[in-house]
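Return atomic coordinates for the entry below.
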Amino acid sequence: MAYYRAFIQVVDTVVGFAVDQGGIAKCTFDTRVKSNHNASLLYANYRESHPEWKATLADEISFVCSQKNPRVQIADLFAREAMKHLDNQIGPKKGGPRRSWEALEETGKFILETYDRNYIKNMADDRNAKLPNFLCRVNEYRDWIRSKGRQDNVSNLFAFARLKNHDFTS
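Numbering: from 1, shown residues only. Below is the predicted model of the structure:
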């Protein structure tokens with residue numbers, strides 16, 4: 001679920017940029033056989049249930065092989081440099097910014113958002129506060145799975161969430 005939570009955060013950020021630019025964004029992600037199908041389901045569910053998403057996002061997302069797509073390669077490069085930058089700040093060996101990071105930063109086209117321990121603690125507290133309601137939904141989901149003769153998997157969880165207008169990624 002951590003992947004799908006991060007996925008939704010990325011798409012939500014793209015929505016913000018699309019709103020600022022007054023356009024419609026088309027999202028392209030590096031292909032991940034393990035999650036492409038479910039990410040597409042989640043995207044469609046959120047797009048349908050969030051009016052601001054529907055107005056600013058293309059109907060579908062696409063997945064491409066990064067080896068054949070320079071834009072996805074740049075995103076991978078940015079992610080790597082962002083991780084190196086963060087490691088230089090909080091890792092065992094502190095260091096100054098790498099020249100490659102400075103070059104990316106100077107373009108003004110990239111934004112790095114980091115989460116500290118307090119953010120993670122607040123997220124855990126929020127999750128714990130929602131836990132009783134979540135457990136009720138889990139039982140409802142299990143009953144639904146049994147009644148429909150379906151298997152317990154992420155695709156069916158997202159189908160149930162869409163049917164019941166639940167959010168299992170938070």
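
Residue ranges in the chain under the pLDDT threshold?
For the chain, the stretches with pLDDT under 70 are 166-170.

how about the helices in it?
2-21, 36-49, 51-56, 70-90, 99-106, 117-148, 154-164 (DSSP state H).

If we go by neighbour counts, what in the first one is buried?
Using 16 or more other CB atoms under 10 Å as the burial criterion, the residues of helix 2-21 that qualify are 4, 7-8, 11, 14-15, 18. To be clear about C-beta, it is placed using only N, CA and C from the backbone, and glycine gets the same treatment.

Let me know the angle separating that helix from helix 117-148.
Orientation of helix 2-21 against helix 117-148 (axes from the mean of the first three to the mean of the last three CA atoms, to 10 degrees) gives an angle of 110 degrees.

Now do helix 2-21: which elements does it pack against?
With contacts taken as 3 or more CB pairs under 8 Å, 6 or more residues apart in numbering; DSSP states H and E, helix 2-21 sits against helix 36-49, helix 51-56.

now these in CSV, with distance to N122 and mean neighbour count?
What follows is these, written out as CSV (distance: least, CB to CB, whole Å; neighbours: other CB atoms under 10 Å):
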stretch, distance to N122, mean neighbour count
helix 36-49, 22, 18
helix 51-56, 24, 14
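
wait, which of these is closest to M123?
Among the helices and strands packed on helix 2-21, the nearest to M123 by CB to CB is helix 36-49 (18.6 Å).

got the contact list for that closest one?
The contact list for helix 36-49, computed with CB atoms under 8 Å, 6 or more residues apart in numbering, reads 4, 7-8, 11, 27, 29, 32, 53-54, 57, 59-61, 63, 154-155, 158-159, 161-162, 165, 169.

let's see 7 Å
4, 7-8, 11, 53-54, 57, 61, 63, 154-155, 158, 161-162, 165 (CB atoms under 7 Å, 6 or more residues apart in numbering).
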